[in-house]
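Novice: Dropping a prediction and its sequence here:
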Amino acid sequence: RGCPLCEGIVAHLEELQPHVGFLLEKRYIEENADWATLYRYEVPVLAGFTPDGREIEIPRPSPRASGVFLMRWLRKHYFEKLAESLGSDGS
C-alpha cells in the first residue's frame, strides 16, 4: 500500500517464514486510528504473539535487514521473549 519500508521487510520475512515457521499477518495502520496515531513514524511495525494471544512487541529492525541479520533480530527480540514467557507460565 505504498510503503516501501514495509514491503521490503515483508519480502524478507516471507523468505524466512518457511524455514522458521512463524505466522505472518500484514496489518495496515491506516485502518485503525489508534495504530495510525501510535505508529505514524515507526513503520514497519512488528509484533509477535504468545500461544495465549498476548502481544510481544518487536523493535523495528533496519528496513534493509535481511537474511541472517533479520533471523538473529527475530531470535533476540521475539523467540527468546516467547520462550521466557512460556517458561514463566510453568509450561
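Specialist: That came through, no problem.
Novice: Spatially nearest residue to the residue most central in space within the chain, not counting backbone neighbours?
Specialist: Closest to where the C-alpha atoms of the chain average out (Cα atoms, centre = their mean) is Leu46, at 2.8 Å. Nearest residue to Leu46, sequence neighbours excluded (Cβ to Cβ, 6 or more residues apart in numbering): Ile58, at 3.9 Å. Yep, even glycine has a C-beta here, placed from its N, CA and C like the rest.
Novice: List the contacts of the one you found.
Specialist: Counting by Cβ atoms under 8 Å, 6 or more residues apart in numbering, Ile58 makes contact with 46-48, 73-74, 77-78.
Novice: at 6 Å what do you get?
Specialist: Ile58 makes contact with 46-48, 77-78 under the criterion Cβ atoms under 6 Å, 6 or more residues apart in numbering.
Novice: what separates it from Ala33, distance-wise?
Specialist: 22 Å (Cβ to Cβ, to the nearest Å).
Novice: Do a quick rundown of the strands in the chain.
Specialist: 46-49, 55-58 (DSSP state E).
Novice: Neighbours of the closest residue to Arg54 other than its chain neighbours, how many?
Specialist: Nearest residue to Arg54, sequence neighbours excluded (Cβ to Cβ, 6+ apart): Ser85, at 7.0 Å. By other Cβ atoms under 10 Å, the residues close to Ser85 number 15.
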